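Student: Turn this into a model:
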Amino acid sequence: MKDVKKLIYNHLLNESDEKVKIARQAVISARESRDGETKSSAGDKHETGRAMSQIELENSEVQLSKVVNLQIELSQIDIKKDYNRVELGSLVETNQGIYFISIGIGKVEIDDETYYAISLASPIGRHLYMKEIGDCIKFQEKEITINNIN
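Tutor: Next up, the predicted model:
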């Protein structure tokens, strides 16, 4: 189970690194677009184009900030720790699936097995938080039993 947790964790690190690269490139492109707006004889057109480029830049910066925050959350996880209850960093085996309590990325496929990377802020994450092996929760009309925590 610990090896699986490490594989999932590394997958999330790689995915977040890729998202940071894409977001950084979007910021650079938006900045270049904004700064490259040249004044034409139609002054209003220039100002509109510049304003649109500025909005695109701000949106790209917000997206970059979000993915950097995901990386910060990931860095707080100790994958070597043994967990007795559901908390950040635990791998939770249930009768309804296996959840890695980390960041809300969703479905992760590792060695033909499906895992779900969820955050504690997600609806199911809030229900599972601080539960122990053998505990049951009711979520979306389903009863979920915790079989193992690692």
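Student: now the strands: where do they sit in this structure?
Tutor: For the chain, the strands defined by DSSP state E cover 91-94, 97-101, 106-110, 113-118, 136-139, 142-149.
Student: counting contacts, what elements does the first one pack onto?
Tutor: It stands for strand 91-94. Here strand 91-94 touches helix 2-36, strand 97-101, strand 142-149, going by 3 or more Cβ pairs under 8 Å, 6 or more residues apart in numbering; DSSP states H and E. For every residue, glycine as well, the C-beta is placed using N, CA and C.
Student: Pull out the buried positions in the helix or strand bottoming out on mean pLDDT in the chain.
Tutor: Taking mean pLDDT, DSSP states H and E as the measure, the helix or strand of the chain with the lowest value is helix 43-75, at a mean of 86. Buried residues in helix 43-75, defined by neighbour count with 16 or more other Cβ atoms under 10 Å: G49, R50, S53, E56, L57, S60, Q63, L64, V67, L70, E73, L74.
Student: repeat for stretch 3-23
Tutor: Applying 16+ other Cβ under 10 Å to stretch 3-23 flags V4, K5, L7, I8, Y9, H11, L12, E15, S16, K19, V20, A23 as buried.
Student: May I have the predicted confidence score for I28?
Tutor: Per-residue pLDDT puts I28 at 93.
Student: S40 now?
Tutor: 51.
Student: ditto for G36
Tutor: 77.
Student: how many neighbours does it have?
Tutor: Using other Cβ atoms under 10 Å as the criterion, G36 is surrounded by 10 other residues.
Student: list the contacts for it?
Tutor: Going by Cβ atoms under 8 Å, 6 or more residues apart in numbering, G36 touches no other residue.
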